[in-house]
Structure formats: C-alpha cells, structure tokens
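K.L.:
Sequence and predicted structure below; questions after.
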Amino acid sequence: MKTQWQILVVDDEEVMRESLAAWLAEDGYGTDTAASGREAIDRARRKDYAIYFIDLKMPGGIDGIETMMEIRRLHADAPVIIITAYATVDTAITAMKEGAQDYIVKPCNPEEISLLVNRIIKVKNLQRENTILRKKLSRQYHFDDIVSKNARMQEICALASDIASLRSTVLIEGESGTGKEIIARAIHHCGDRAGRPFVAVSCAALAETLLESELFGHEKGAFTGAGAQKKGKFEMADGGTLFLDEIGDISQKLQVDLLRVLQEKTFYRVGGSDEVRVDVRVIAATKVDLRQAVQEGRFRDDLYYRLNVIEIHVPPLRERREDIPLLAEHFLERLGPELRKEMTGISEGAMRLLMDYSWPGNVRELENSVERAMVTCRGHVLTEDDFAFLARAGNGPSWTPPDATLDEMEKLMIEAALERKSGNVKEAAIALGIDRSTLYEKIKRYEIRR
Amino acid sequence: MSVLFVAPMEAVEEALLEEIKESLRHCFGIEVRRHAALGAPEYAWDGARRQSSAPLILRRLLAEWEGGGEGTTKLLAVTSRDLYIPMLSFVYGQAQLGGQVAVVSTARLRCEFYALPPDDELLRTRACKEALHETGHLFGLVHCPDARCVMALATGIRQLDLKQPLLCAGCAALAAEGRGEARERR
C-alpha cells in the first residue's frame, strides 16, 4: 500500500527541514519540503497536505504566521504546527489565535512530535472515513438511484425532490416492501437537512409505553428500570428528519402526543416536567389506508391532516411491472460484490418467471429473491432453476388483497391452482401439497366452482 | 545480494560490533562484513548542544562511501557520540530510507546515561535492536505499529527495551522482498 498522508515541512534551514522530513518519512509519511513561505504557499496551491510544519522565523519577507494564514486561506482546515526556537507566550498565542493546531519549541522530545502527528492523523482518518460514509449514504439514497422507468414513480421522485428542502410533514403510503423508507431517506439526503441525523422508528415494533419512551425519551426514575435519563428519537433527530414507519399502528394517547409535537415543536420526556424544544421534520409512512382509519375513528383526523401535508402514494411492484427487469439487474449488480459472486446476467426464462410472479412482498421480496438465487447459483447467469422457490411460492393467486383473511387466501390459492391445472383436482392437490380428499373438502367448504 | 558493512566511527567495544554484525546477518539473511574505523565525526559536533548532528554524519558518509569496493553495498556506522537532528532533542540513530548509509549511537543505550550501573549485556541487546532498526530503514522499512517489532518507533529507552530484536512477520516479508512500502496502518 502506498503512503497516504503527505506532510510539508517549511524551514529556511536545509538541515532542519530535510532531517525532520527524513524522520517523518521513517514513520511512513510522504514528505515535501519548502525553503521559504512563498515556496510553501506555492506547494499548498498544488496539493493539500495532511500536516504543515512551519518555522516561525523565516527570512524573505513572509514569516511563519503569514505563511500559515495564506495556506489556511487555500485550505481552511489545514492543520499547521508552528515550529519556533524562540518560545515566547506571545508567539504561541499569536500562532494559536491565527489558527495553528499547535506549536512546538525546537529541539523537542521525539515523543512529543510523534504524539502530535499521530493525534492529527487520527482526526484526519476519522474525517476521511466520515466523508466517505456520508458520500456513500447520499449516493445510496439519492433519487437518481431509485430504479424505475414507471411514470408514477418518476412523478413521485420529482415531487419528493421538490419538497426535499421544505419543513412540511410528508405521509408516504404504500404496501410493505415498496420502498417507503428509501424515499424518505432520499427526501432527507437531498434536502438542506442532509448533514443532520435521519432517525427511523418502526411504530409497529414496540408496545405503547415503550414507544412513548422511545420517541420522547425518559427521565431518570420515570419507571422501573429507567436508571438514567435517556434521549428519545425526537431529540436524536433534532435538526434532521424523523421517519415514523407504520404510523397507523400508534395508540390514541400517542396520537395526541405526536399531534402536540407537530403543532408546538415541543414535548416532555416521560416522567419529566421540563419542556424540550426540537426542530424535526417528520416523514410518516403507512401500509394501511389512514383515511379509512380516520373514518372508522381509529386515527385522529387532526393528526391525519397534520401528517398529510404532502402525500406520496408508492405503487406496488405488480402495478409497475416494467421496473422488474431493471430492478432485478440492479440488485444483481449491487449484490455481486457483497456476495463475492461474478454474475453476468439473468436468463430470458428466469426474467419471464420474475415478470409473471405477483410480488406480494414488492421490491423487498424481489431483492431477497435475487439474493437467494445468487447464493445458490453455480454459474454466472441466473436461470429459472435458481428461482425455483418462486415457482413454488407462485402457486398462489396472482394478486392477494392486503387485508385478506387466512380463509380468503386459502380459497384464492385453491382457485388459482385449479385454474392452472385446468380444473384437474388430482394435479391441483399435488401442486398444493395436500391430499385429494382434503382438496375436495375445501372446494366444498369454500363453494369453489370448477 | 546486498552486502552490509558495519563500521565503528571511533573506538567502540569489539564485542558489541561483533554482536551487531551477527544479529544483522541472522535477521536480514545478508552478508555482513566489518569495516575499518571511519574516524570520529568531529565535523558534526555542536558545541552548544554538546551533541553530534546525525544529518551531517549521514551527509559525510554518503559523500565518502565508495561501497567498500563492492557492488550493492550499505554502510552502518556505529558511534558512541550522542546524536541529534535539529528538530529533536536526540535520536538513537538515523538512516537514509531505502538508501545506503545509516548511523547508530550507543550514547543513550548505556545504563550510565540514566545514572545506573553499567550493564554490558543490556547495552549489546539495545545496540543490536537499534542497528536492526536503522538497517531496516536502509531496506526501505518504515515504522511498524507492532510495539514488539524491532521496526517500531522508540522515542524513549523503555520503548526500545520493550521491542524484540526481531522483525515481525510483516516487516520480515517486506525486507525479504527487498522493498519497504508503508505498512497499512494509517
């Protein structure tokens, strides 16, 4: 691996700059030297160094402090260490005031300089890691990366992009696995809150009391087990976005609390008496019809209208089948490096199978299916055989209502199997994995016409 | 194959030089030969600091080193003088990274420097470690993050004593390949 971090040593004394550069090179750093402030500035124009060692006293009209100021004009965060043989409190204060990271008095102990360099490089490594992760995140959740050629999806992306920098609440509706959270993240990462936290909470995953504490935090001793004060998701998302998934599942009490936060932008931690003020954009998502829940009195209408300032309805995958090949290829490409599989494509037969499948689990199910097929695939092209598990699952009806009961689902599956087998009960029973007599019994019970 | 010459600058204990020579041969698997004394580095003496300048010694050695009449050769000079580079209060030694010449000082390796009774065995162990370290730099090795590897940076005598007189597996592989890329650590 090549040396990564470059250090510039600036000193008018050749022995001084060359020996320090050599000492740093032994530590694995790349080094350059400059004999004057002007040469240093010239080098800094061409390259940003990880650390600048600059001698305070240099002849030629431009001293160490001026050199540092000029370099910091070029690179605002440049870590500069001022070297001085004339240690006075004044020069140290001036150097630090003007933005020097530190100053050292020569000659110094080798340990001192080693610690100083290591400390700066540690921060540099963290900053770089952070930048890479942020870039990765923003790429991952950018609208350009939402794979779709469906007109409705493109309208959604355009709308979401337009509203990214607003503070208005957003309600995203859609079946499970349609990518509601990805859209929420894309809205966050494309807006002016991108640098702030995105916090996601699944309201369905937690019991009412737990969810209350999860959202608003709690004070020490608020309930048994609350040994210390804890910040809630609202506080954690301050300045950023809070994504509330499965909002339709929250209790009436929480609906009131949530309405209050949305209206007042303040709340109380559980067991607390101090008001907490936050600046949070809320994006809510639901797979149930909230409008119907309002009509049935299960969801507060005032909260619904507060959440539904901007409404986005994400279509299920079966309503945008043209995206299936695009998405399948996208997952194949993305998962290849993760699974360490070199895949070149998906066969025509396999693609037909994917197009014919009903995808009740939507895009998430498609992604999981491609991954499963890739794991078991022995060649470089995914074939029908690799998706055999879909054919088995595909014995069901091509479309299942999201709120169907178990009996209704069973009836639909039996009807679909009989239709595929042209009414042949024996073959349909084999396909469904049940006895012929059991199938006859169910046909009778569900009053299925053959 | 590289030949490394070990040369005292002024009077240095014979047993010490022999042990350095053996440890270098053993660790790097190269041919190591003794060289006649190079002469005390009066030119590098700094009266104000009461130390000798390591960069000036390296500069002179490089200018005068003719390779001992051989092809690819390197020179490790051993001095009893206390060494420094202008930026630092002292150095145990200095080498041209991936170059030809290096110098090692025994001044701060002696227990007497720390007001302790002399210990010849400890001195020899420390001198061997420092000689191995600077020779590693001659072969292009940089400091190693493994504190027990002889290529670890020692900014004090305790760190030097903590090191083993051996290269870690990674540094040994790099040295064997005759290259010294920066280790994957920063």
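P.N.:
Everything's here; your move. Numbering: from 1, shown residues only, chains lettered A, B, ... in the order given.
K.L.:
make it CA atoms for all contacts and neighbour counts henceforth
P.N.:
Will do.
K.L.:
close to chain A, is the longest helix seen in chain B?
P.N.:
When every helix of chain B is counted residue by residue (DSSP state H), the longest turns out to be helix B:120-138. Yes: counting by C-alpha under 8 Å from any C-alpha of the partner chain, chain A is contacted by helix B:120-138 at B:H137.
K.L.:
What lies in contact with whatever helix or strand comes next after that helix?
P.N.:
Where DSSP states H and E defines the elements, the next helix or strand beyond helix B:120-138 is helix B:157-162. Contact with helix B:157-162 is made by B:R108, B:L109, B:R126, B:K129, B:A147, B:R148, B:L153, B:A154, as judged by C-alpha atoms under 8 Å, 6 or more residues apart in numbering or on different chains.
K.L.:
quick one: buried residues of helix B:157-162?
P.N.:
By 16 or more other C-alpha atoms under 10 Å in any protein chain shown, the buried positions in helix B:157-162 come out as B:L160, B:D161.
K.L.:
just checking, what packs against whichever strand or helix holds A:E39?
P.N.:
Assigned by DSSP H and E, A:E39 falls within helix A:37-46. If contacts are counted by 3 or more C-alpha pairs under 8 Å, 6 or more residues apart in numbering or on different chains; DSSP states H and E, helix A:37-46 sits against strand A:6-10, strand A:30-34, helix A:64-74.
K.L.:
Would you tell me which one of these is buried the most?
P.N.:
Highest mean neighbour count of the helices and strands packed on helix A:37-46: strand A:6-10, a mean of 24 (counted as mean count of other C-alpha atoms under 10 Å in any protein chain shown).
K.L.:
ok, and what's touching the next helix-or-strand element following it?
P.N.:
Counting by DSSP H and E, the next helix or strand C-terminal to strand A:6-10 is helix A:14-26. By C-alpha under 8 Å, 6+ apart, the list of residues contacting helix A:14-26 from outside reads A:8-11, A:30-35, B:55-56, B:85-87, B:94, B:96-97, B:137, B:141-143.
K.L.:
go on, stretch A:334-349?
P.N.:
Under C-alpha under 8 Å, 6+ apart, the answer for stretch A:334-349 is A:E329, A:L332, A:E333, A:E371, A:M374, A:V375, A:G379, A:H380, A:V381, A:L382, A:T383, A:E384.
K.L.:
Try it again at 6 Å.
P.N.:
Contact with stretch A:334-349 is made by A:H380, A:V381, A:L382, A:T383, A:E384, as judged by C-alpha atoms under 6 Å, 6 or more residues apart in numbering or on different chains.
K.L.:
And the residue lying closest to A:L244 once chain neighbours are set aside, how far from A:T241?
P.N.:
In space, and not counting its chain neighbours, A:L244 is closest to A:A284: 4.6 Å by C-alpha to C-alpha, 6 or more residues apart in numbering or on different chains. A:A284 sits 10 Å away from A:T241, going by C-alpha to C-alpha, to the nearest Å.
K.L.:
Contact partners for A:T266?
P.N.:
Contacts of A:T266 by C-alpha under 6 Å, 6+ apart are A:V276, A:R277.
K.L.:
What backbone torsions are found at it?
P.N.:
The phi/psi pair for A:T266 (degrees, to the nearest 10) reads phi -140, psi 160.
K.L.:
got it, and A:K230?
P.N.:
Dihedral angles for A:K230 - degrees, to the nearest 10 - are phi -130, psi 140.
K.L.:
Could you verify my assumption that it touches A:G217?
P.N.:
Yes: assessed by C-alpha atoms under 6 Å, A:K230 is found in contact with A:G217 at 5.2 Å.
K.L.:
Give me the more crowded residue out of those two.
P.N.:
Higher neighbour count among A:K230 and A:G217: A:G217, with 25 against 17, using other C-alpha atoms under 10 Å in any protein chain shown.
K.L.:
which residue sits closest to the more buried one, ignoring its sequence neighbours?
P.N.:
Excluding its sequence neighbours, the residue lying closest to A:G217 (C-alpha to C-alpha, 6+ apart) is A:G232, at 3.6 Å.
K.L.:
Would you mind putting the CA coordinates of stretch A:67-81 into PDB?
P.N.:
Once non-C-alpha atoms are left out, stretch A:67-81 reads as follows in PDB (Å, rounded to 0.1, in the frame of the first residue of the first chain):
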ATOM      1  CA  THR A  67       2.600  31.600   5.600                       C
ATOM      2  CA  MET A  68       0.200  29.800   7.800                       C
ATOM      3  CA  MET A  69      -2.600  32.400   7.200                       C
ATOM      4  CA  GLU A  70      -2.100  32.200   3.400                       C
ATOM      5  CA  ILE A  71      -2.200  28.400   3.500                       C
ATOM      6  CA  ARG A  72      -5.300  28.500   5.600                       C
ATOM      7  CA  ARG A  73      -6.900  30.800   3.000                       C
ATOM      8  CA  LEU A  74      -6.300  28.000   0.500                       C
ATOM      9  CA  HIS A  75      -7.200  25.100   2.800                       C
ATOM     10  CA  ALA A  76      -9.400  26.300   5.600                       C
ATOM     11  CA  ASP A  77      -8.900  23.300   7.800                       C
ATOM     12  CA  ALA A  78      -5.200  22.800   7.200                       C
ATOM     13  CA  PRO A  79      -3.500  21.600  10.400                       C
ATOM     14  CA  VAL A  80      -0.500  23.800  10.900                       C
ATOM     15  CA  ILE A  81       2.200  23.200  13.500                       C
END
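K.L.:
Looking at the contacts of stretch A:334-349, which are in strands?
P.N.:
With strands taken from DSSP state E, the overlap with the contacts of stretch A:334-349 comprises A:V381, A:L382.
K.L.:
Out of the contacts of stretch A:334-349, grab the one that's most surrounded.
P.N.:
With neighbours taken as other C-alpha under 10 Å, the top of those is A:L382, carrying 24 neighbours.
K.L.:
That one and chain B, how far apart?
P.N.:
Between A:L382 and chain B the computed distance is 38 Å (C-alpha to the nearest C-alpha, to the nearest Å).
K.L.:
Check the nearest residue to that residue once chain neighbours are set aside and give its pLDDT.
P.N.:
Nearest residue to A:L382, sequence neighbours excluded (C-alpha to C-alpha, 6+ apart): A:I346, at 4.6 Å. We have a pLDDT of 93 for A:I346.
K.L.:
ok, now B:H137?
P.N.:
pLDDT for B:H137: 94.
K.L.:
now swap in A:R185 and tell me
P.N.:
Here the pLDDT value assigned to A:R185 is 90.
K.L.:
how about the residue nearest to A:G217, what does it touch?
P.N.:
A:E214, A:L215, A:F216, A:G217.
K.L.:
Can you flag which of those belong to helices?
P.N.:
A:E214, A:L215, A:F216.
K.L.:
Give me the neighbour count for the first one.
P.N.:
Meaning A:E214. With other C-alpha under 10 Å as criterion, A:E214 counts 20.
K.L.:
same thing with the second one?
P.N.:
With neighbours defined by other C-alpha under 10 Å, the count for A:L215 comes to 22.
K.L.:
thought it was touching A:K233?
P.N.:
Yes: between A:L215 and A:K233 there is a contact under C-alpha under 6 Å: 4.7 Å.
K.L.:
Chain B against chain A: which residues are in contact?
P.N.:
Within chain B, the positions adjacent to chain A are B:P86, B:M87, B:L88, B:S89, B:V142, B:H143, B:T155, B:A182 by C-alpha under 6 Å from any C-alpha of the partner chain.
K.L.:
any idea which element A:N368 lies in?
P.N.:
Here A:N368 sits within helix A:362-376, counting by DSSP H and E.
K.L.:
can you list contacts of that helix?
P.N.:
When contacts are defined by C-alpha under 6 Å, 6+ apart, helix A:362-376 is touched by residues A:G177, A:T178, A:L317, A:D386, A:F387.
K.L.:
how does it look with 8 Å?
P.N.:
Contacts of helix A:362-376 with the rest of the structure, by C-alpha under 8 Å, 6+ apart, involve A:175-179, A:316-318, A:327-328, A:331-332, A:335, A:339, A:341, A:359, A:382, A:386-387, A:390.
K.L.:
just checking, which of those residues belong to strands?
P.N.:
Short answer: the contacts of helix A:362-376 in strands (DSSP E) are A:L382.
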